[in-house]
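Asks: Starting from these lines, generate the structure:
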Amino acid sequence: MEKVNYKFEQFQNAYKRLEEALALEFPTPETKADSVIQRFEFTTELFWKFLKALLDFKGVTVNASPVDVLRAAKLAGLLAADDQWIALVHDRNLTSHTYDEAQAMAIYEKIGSTYAGMFKQFIEEYAKSDR
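Replies: The predicted model follows:
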């Protein structure tokens, strides 16, 4: 469980940094979007790796792809729905592997309006759980 707790702490810290970036003022909207997107990428990566460690601890064997981990987490009762999480991972992949400014700005908007709240809700619910 020590590994799981460590990964959860890493994920929480990344989420806090994402929240900080969302709250800060930047010289231009583009620099703010770049910062938020970078922190979103870190947070997403640490989130699914935390879930993988938790599933491993619970004895659930799963492939190491983020989508497989999210689906297994839903089946294990760790996520209420996996479709929003899969969309989140898809958007993370888009920001990491291609760069289209209009697409990046649309994802930046989703991070602030949807994805950050999903992370926050998960953290709050997990912190209240029996673990």
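Asks: From here on, just use CA atoms for contacts and neighbour counts.
Replies: Noted.
Asks: Where does pLDDT dip in the protein?
Replies: By pLDDT under 70, the low-scoring segments of the chain are 131.
Asks: can you map out the helices along it?
Replies: Ranges of helices in the chain, per DSSP state H, are 2-23, 29-57, 66-75, 83-97, 101-110, 116-128.
Asks: and the fifth one, C-alpha only, in PDB?
Replies: Coordinates of each C-alpha in helix 101-110 appear next as PDB, following Å, rounded to 0.1, in the frame of the first residue of the first chain:
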ATOM      1  CA  GLU A 101      -3.300  25.800 -31.700                       C
ATOM      2  CA  ALA A 102      -7.100  25.900 -32.100                       C
ATOM      3  CA  GLN A 103      -7.300  22.300 -30.800                       C
ATOM      4  CA  ALA A 104      -5.000  23.100 -27.900                       C
ATOM      5  CA  MET A 105      -7.100  26.100 -26.900                       C
ATOM      6  CA  ALA A 106     -10.300  24.000 -27.000                       C
ATOM      7  CA  ILE A 107      -8.600  21.400 -24.700                       C
ATOM      8  CA  TYR A 108      -7.300  24.200 -22.500                       C
ATOM      9  CA  GLU A 109     -10.900  25.300 -22.000                       C
ATOM     10  CA  LYS A 110     -12.100  21.700 -21.200                       C
END
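Asks: list the contacts for the spatially most central residue of the chain?
Replies: What sits nearest the mean C-alpha location of the chain, by Cα atoms, centre = their mean, is Thr44, with 2.9 Å. For Thr44, the contact set (Cα atoms under 8 Å, 6 or more residues apart in numbering) comprises 88-89, 92.
Asks: repeat that with 7 Å
Replies: Val89 (Cα atoms under 7 Å, 6 or more residues apart in numbering).
Asks: if I look at it, how far off is Asp130?
Replies: Using Cα to Cα, to the nearest Å, we find Thr44 at a distance of 23 Å from Asp130.
Asks: The residue located most distally from the centre of the chain and Ala33, how far apart?
Replies: Ranked by distance from the centre of the chain (Cα atoms, centre = their mean), the top residue is Pro27, with 26.0 Å. Going from Pro27 to Ala33 by Cα to Cα gives 11 Å.
Asks: That concludes my questions; thank you for your assistance.
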